[in-house]
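Visitor: Let's see this in three dimensions:
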Amino acid sequence: MKKEQIHGGDIYRNPGVTDFSVNSNPLGVQKEVLSALKEQLGKIAHYPDINCEALIREICRFEQVEEEQVLCGNGAAELFFAAAFALKPKHVLLPVPSFAEYERSLRSVDAVIHEYILREEQDFLVTEEILQAITPEMDLLILCNPNNPTGQVVESPLLLKILKRCKEAGVTLLLDECFVDFLAHPDQATMTGFLNEYPNLLIVKAFTKIFCMPGLRLGYALCSDPGLLEEMDRFLQPWNVSVPAQIAGVAAMKNHKEYLEKTRMFLKEEREKLCRQMEELGDRVIGSRANYLFFASEKGLYEKALEAGFLIRNCGNYRGLGAGYYRIAVRTKEENERWIAWRRGL
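Guide: Numbers count the residues shown, from 1 in each chain. You can find the predicted model right below:
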């Protein structure tokens, strides 16, 4: 059986391309992670630690949370499905456009999805208008911050209003923070500091993008409601986090400080330059505060780019978007320069 490819990163059917479709860290995998994997690969002869104890200790240091507030998963996507099965929401408020796996996980439990359309004339921003849509009829609100694919950020004052409104209405807020650590000041955007005060807050993060390891599948959920995490865990397979994933996760967390500082410095320079160059070419760049650029351009750009050896993300299959919307990752300087040189030659 062949699966439908609805995400970026399909290098297997497009060999030899420069992949701008996956928004992983342009600095690549940390050398310490590669060394740890090489040195400890013999451990694949054993079962993984079913409790991910060493990994959770490092996550707790990184996120400043308690061990009982962490649940590890086989990538963020597995945790979205586990949350759907644990919460069994009947009605869900879902801003669109957003990550496709939210909808897939909700469909698996027959949830009624109430789409909250983010408007093009507002640059797809979440505004205070969303507070009116958070009603007791809803069981769950899913927010991605920064948003994927737009890169727009819900600032913390509004996020806190949303969280308070959810608590008053009896709504769980599932907050996808997979891209928050790419921001210049992630500590001002993350809501981890409100976990203890709001047990209705469930945060999901992943090593996939920020630590550039999508092939290992590693994510984690944060919540102060032990009952919810226990219920989610019931829907996870045993040994769901492999030995290599746990090794890589520990090494990434132990050596994160310099790597993340370099990442943010590099992104600030390259993102601003790439954004300016694309706007000079006539593209309309929107949001894009993380490690990727969301933009409107000519229809058919995806096909032209692929023919020229560039794989970009065609966002036409996102709910709330149509033809002519695209997303590219901020890649290395050389790759970004080749992309712009090709675009100038069109």
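
Visitor: Against N336, how distant is the nearest residue to F211 once chain neighbours are set aside?
Guide: Once flanking residues are discounted, F211 sits nearest to A252: 4.4 Å by CB to CB, 6 or more residues apart in numbering. Where C-beta positions appear, they are placed from N, C-alpha and C, glycine not excepted. With the distance defined as CB to CB, to the nearest Å, A252 ends up 24 Å from N336.

Visitor: Counting neighbours, go ahead and name the busier of the two.
Guide: Using other CB atoms under 10 Å as the criterion, A252 and N336 rank with A252 on top: 26 against 20.

Visitor: What average pLDDT does the strand or helix carrying that one get?
Guide: Using DSSP states H and E, A252 sits within helix 243-254. Mean pLDDT, helix 243-254: 98.

Visitor: Check stretch 177-191 too.
Guide: 97.

Visitor: Span of it from start to end?
Guide: Terminal residues of stretch 177-191 lie 9 Å apart, using CA to CA, to the nearest Å.

Visitor: Quick one: residues in contact with that stretch.
Guide: Identification of contacts with stretch 177-191 by CB atoms under 8 Å, 6 or more residues apart in numbering yields 23, 25, 76, 144-146, 148, 151, 153, 155-156, 159-160, 163, 175, 201, 203-206, 208-210, 219, 260, 263-264, 267-268, 289-291.

Visitor: Enumerate every residue touching the nearest residue to E63 once chain neighbours are set aside.
Guide: Nearest non-adjacent residue to E63, counting by CB to CB, 6+ apart: T192, 5.3 Å away. By CB under 8 Å, 6+ apart, the contact set of T192 is E63, Q64, V65, I203, L222.

Visitor: Can you report how many residues lie near D187?
Guide: Neighbours of D187 under the rule other CB under 10 Å: 12.

Visitor: Could you tell me whether it really is in a helix?
Guide: Yes: under DSSP: H, G, I helix; E, B strand; the rest coil, D187 falls within a helix.

Visitor: what helix or strand is P95 on?
Guide: Counting by DSSP H and E, P95 is found in strand 91-96.

Visitor: hang on, the earlier thing: now do the buried residues in the helix holding A252.
Guide: By neighbour count on 16 or more other CB atoms under 10 Å, the buried set for helix 243-254 is V243, P244, A245, Q246, I247, A248, G249, V250, A251, A252, M253, K254.

Visitor: I would like the residues contacting that helix, please.
Guide: Against helix 243-254 from outside (CB under 8 Å, 6+ apart): 30, 32-33, 35-37, 40-41, 43-44, 46-49, 52, 54-55, 58-59, 61-62, 74, 207, 211, 213, 216-218, 241, 259.

Visitor: So which of those belong to helices?
Guide: Taking DSSP state H as the definition of helices, those contribute 32-33, 35-37, 40, 54-55, 58-59, 61-62, 259.

Visitor: In PyMOL, select just the buried ones from the residues you listed.
Guide: Typed into PyMOL, the line below selects the buried ones among the ones in helices among the contacts of helix 243-254, using 16+ other CB under 10 Å:
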select buried, resi 32+33+36+37+40+55+58+59+62+259
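
Visitor: Export the ones in helices among the contacts of helix 243-254 as JSON lines, with columns for distance to E230 and pLDDT.
Guide: Listed next are the ones in helices among the contacts of helix 243-254 as JSON lines, based on distance: CB to CB, whole Å; pLDDT from 0 to 100:
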{"residue": "E32", "distance to E230": "33", "pLDDT": "98"}
{"residue": "V33", "distance to E230": "30", "pLDDT": "98"}
{"residue": "S35", "distance to E230": "35", "pLDDT": "98"}
{"residue": "A36", "distance to E230": "30", "pLDDT": "98"}
{"residue": "L37", "distance to E230": "31", "pLDDT": "98"}
{"residue": "Q40", "distance to E230": "30", "pLDDT": "98"}
{"residue": "A54", "distance to E230": "21", "pLDDT": "98"}
{"residue": "L55", "distance to E230": "18", "pLDDT": "99"}
{"residue": "E58", "distance to E230": "22", "pLDDT": "99"}
{"residue": "I59", "distance to E230": "18", "pLDDT": "99"}
{"residue": "R61", "distance to E230": "23", "pLDDT": "98"}
{"residue": "F62", "distance to E230": "23", "pLDDT": "98"}
{"residue": "Y259", "distance to E230": "33", "pLDDT": "98"}
